[in-house]
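Asks: using only what follows, build the 3D model:
(2 chains)
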Amino acid sequence: GESVGLHLPTLSVQEGDNSIINCAYSNSASDYFIWYKQESGKGPQFIIDIRSNMDKRQGQRVTVLLNKTVKHLSLQIAATQPGDSAVYFCAENSGYALNFGKGTSLLVTP
Amino acid sequence: DAGVIQSPRHEVTEMGQEVTLRCKPISGHDYLFWYRQTMMRGLELLIYFNNNVPIDDSGMPEDRFSAKMPNASFSTLKIQPSEPRDSAVYFCASSFGFQETQYFGPGTRLLVL
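Replies: Down below sits the predicted model:
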């Protein structure tokens, strides 16, 4: 069936380094993608989104890249800070509902 | 705006008891979603409403689960009778439009003993 998955369940980076979190999706009809950040004990928080008519979108310290050819999505966090430590989810929407991946845990070490 | 509001934040109950979770979406949002999150299954969509009308409840695990949205500012998710396997974090989210960003509440952490 259709699915959204993450390549790496955990990622450890040093403070100040750049982080890259990857996500693969299988539904070629998906046309809207979102990255969420979830801190312990909290609900998922919107970070950035991208629609299928774009291949890159930038926010504050974050960039999302979309490669529709290989159905791959990535989230880049520049100058990672301790406050970035959280679980990151990608989600895709093909017009039905949001389908969430399993999540990647990002740990920022000093 | 205060964001999506959920209550209670934590609920501990015994098997067989009725549990009611509450949600107040962001004002003006016309879509409301209920999700369940567990370590094993991640985030699962249970049901969603558009303009207070349930659109898709295919994610509701079984008849023990029911959801209502009597007005644009309030929704409930009820489990009756509750079972230990219902233990999870339940999130409510709302959005302005279907394919728009969903904003999540803080969740209700449910433990059924």
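Asks: enumerate the residues of chain B near chain A.
Replies: Contact residues, chain B versus chain A (C-beta under 8 Å from any C-beta of the partner chain): B:4, B:33, B:42-43, B:45, B:48, B:56, B:91, B:93, B:98-99, B:101-107. The C-beta positions use only the backbone N, C-alpha and C, and glycine is treated the same way.
Asks: report the buried members of these.
Replies: B:4, B:33, B:43, B:45, B:48, B:91, B:93, B:98-99, B:101-107 (16 or more other C-beta atoms under 10 Å in any protein chain shown).
Asks: which of the residues of chain B next to chain A fall within helices?
Replies: In helices, judged by DSSP state H, none of these are found.
Asks: for the residue of chain A found nearest chain B, which non-adjacent residue is closest in space?
Replies: Closest residue of chain A to chain B, C-beta to the nearest C-beta: residue A:43 (3.5 Å). Take residue A:43 and drop its neighbours on the chain: the residue closest to it by C-beta to C-beta, 6 or more residues apart in numbering or on different chains is residue B:104, 3.5 Å away.
Asks: now residue 81: phi and psi?
Replies: With no chain named, the answer covers chain A. In terms of degrees, to the nearest 10, the main-chain angles of residue A:81 are phi -120, psi 160.
Asks: and if you look at residue A:82?
Replies: phi -50, psi -30.
Asks: any idea what the closest residue to it other than its chain neighbours is bridged to?
Replies: Counting by C-beta to C-beta, 6+ apart, residue A:82 lies nearest to residue A:108, which is 5.0 Å off, once chain neighbours are set aside. Residues in a beta bridge with residue A:108, per DSSP bridges, are residue A:13.
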